[in-house]
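Asker: Quick one: sequence and predicted model below, then my questions.
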Amino acid sequence: ALAALAESRVAEVHMVGRRGPSQARFTTKELRELGSLPDTEVVVDPAELALDPAFADPSALPAAQRRNVEVLRGWAATPPRGAARRIRLRFFLRPVELLAADGRVGAVRFERTAPDGSGGVTGTGRYEDVAAQLVLRSVGYRGVPLEGLPFDAGTGTVPHREGRVLRDGAIAPGEYVAGWIKRGPTGVIGTNRPCAKETVTSLLADAPALVHDPVPDDAVAALRAEGVEPVEWAGWQAIERAEAELGASLGRSVVKLPDWESLRTAARTAVS
């Protein structure tokens, strides 16, 4: 990613949120990492920050949001350094329209929003256009329901308590959740570690009450007895070779095999 940034001719990036800094869902680690990009400065408009009622006195905010506000305060107070690239963090703007120029996209129109007093925002009827030459449709990061599991449509997550799935507010024995479907689409790779640790700690604490049947000493033999053919270590190595060969044929290092049948076919080439 850093190499791509160094080669890019893009001089300015706008990162836009429809609500305020105290409601942003990024982690403080993610936020600070923007400031470590080479020859890049982060620009924050103090006037936009001031639109957030919680910005003036963030003491009542949860710790993560309070730290975010502190980082944003620092950037807002920092004079421009004249770096080659700028990341502008914008708040209280929501996209409403793509504007054309000579048959292509030329700009994105944003409407200025304002806090509604209930945690949301409302439109103000005031607009701002930001030049753009490319629009990418995001696949989205919102969780979707899985049949048989409870689901909170408001947050896009499975309700839980310390990783234990909740059904109608009560812990469901033997059901656990981790990752974005547990906490929402936030954090970096390192964030998954404490998230998973919390869930695994709950599982281990519950383990004595969950074990009802004897656990076989040889899991592979037990799987085969049930008609399941597991992929052993040699099969995994065969998959890695196949993905390296596919990558080489496309001028890349490694390309992942895209479906179960391709993976199984590669695994069957293993030399036992």
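Answerer: On my side now, so go ahead. Numbers count the residues shown, from 1 in each chain.
Asker: Quick check: next helix or strand after the helix or strand hosting V200?
Answerer: Assigned by DSSP states H and E, V200 belongs to helix 192-210. The helix or strand immediately downstream of helix 192-210 is helix 219-225, counting by DSSP H and E.
Asker: buried set for the helix holding V200?
Answerer: C195, E198, T199, S202, D206 (16 or more other C-beta atoms under 10 Å). No exception for glycine: its C-beta is placed from N, CA and C like everyone else's.
Asker: where does this structure dip in pLDDT?
Answerer: 1-8, 138-140, 188, 271-272 (pLDDT under 70).
Asker: So the spatially most central residue of it versus A76, what's the distance?
Answerer: By C-alpha atoms, centre = their mean, the mean C-alpha position of the chain lies nearest to P185, the distance being 4.0 Å. Separation of P185 from A76 (C-beta to C-beta, to the nearest Å): 26 Å.
Asker: likewise P150?
Answerer: According to C-beta to C-beta, P150 stands 41 Å off from A76.
Asker: got it, and L149?
Answerer: For L149, the distance to A76 equals 42 Å [C-beta to C-beta].
Asker: List the contacts of L134.
Answerer: By C-beta atoms under 8 Å, 6 or more residues apart in numbering, the contact list for L134 reads V105.
Asker: pretty sure it is in a strand, no?
Answerer: No. Assessed with DSSP: H, G, I helix; E, B strand; the rest coil, L134 is coil; it does not lie in a strand.
Asker: Next, give phi and psi for it.
Answerer: phi -150, psi 140 (degrees, to the nearest 10).
Asker: ok, back up a step: what about L149 and A76, which has more around it?
Answerer: A count of neighbours by other C-beta atoms under 10 Å puts A76 above the other of L149 and A76, at 19 against 14.
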